[in-house]
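Novice: give me a 3D structure for the following:
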Amino acid sequence: MTVEISKSRFKARALEYFREVERTGQPITITDHGRPTLEIRALEKKTGARDALERLRGSVKSYERPFEPVDDADWDALN
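Specialist: Numbering: from 1, shown residues only. Okay, the predicted model is just below:
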């Protein structure tokens with residue numbers, strides 16, 4: 001369930017609402033004259049470069065000619 005709060009109430013307690021969203025993960029909808037206009041929600045955790053490298057660790061099967069260009073015939077996925 002999304003909590004709805006008026007702009008004037010949000011303005012007075014914005015930091016409190018930010019902390020609540022961070023703590024609970026529940027979004028808050030800001031209303032203007034009873035109409036929803038904005039939503040405050042926590043960001044989804046994004047995968048960083050380090051996580052991507054960890055997922056790839058150990059995935060290289062062989063390392064033949066590492067400094068030569070790769071020919072289309074060398075890609076198993078194309079066959």
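Novice: Thr37 versus Gln26, what's the distance?
Specialist: Separation of Gln26 from Thr37 (CB to CB, to the nearest Å): 18 Å. All C-beta spots, glycine's among them, are computed from the backbone N, C-alpha and C.
Novice: those two: which is more packed in?
Specialist: Gln26 (13 against 10; other CB atoms under 10 Å).
Novice: ok now the longest helix along the chain, how far from the chain's centre?
Specialist: Determined from DSSP state H, the single longest helix within the chain is helix 14-24. Offset of helix 14-24 from its chain centre (CA atoms, centre = their mean, to the nearest Å): 18 Å.
Novice: pull out the buried residues from the helix or strand following that helix.
Specialist: Moving toward the C-terminus from helix 14-24, the next helix or strand (DSSP states H and E) is strand 28-32. Burial within strand 28-32, assessed by neighbour count using 16 or more other CB atoms under 10 Å, is assigned to Ile28, Thr29, Ile30, Thr31.
Novice: now, among the residues you listed, which is nearest to Lys7?
Specialist: Ranked by distance to Lys7 (CB to CB), the buried residues of strand 28-32 are led by Ile30 at 5.8 Å.
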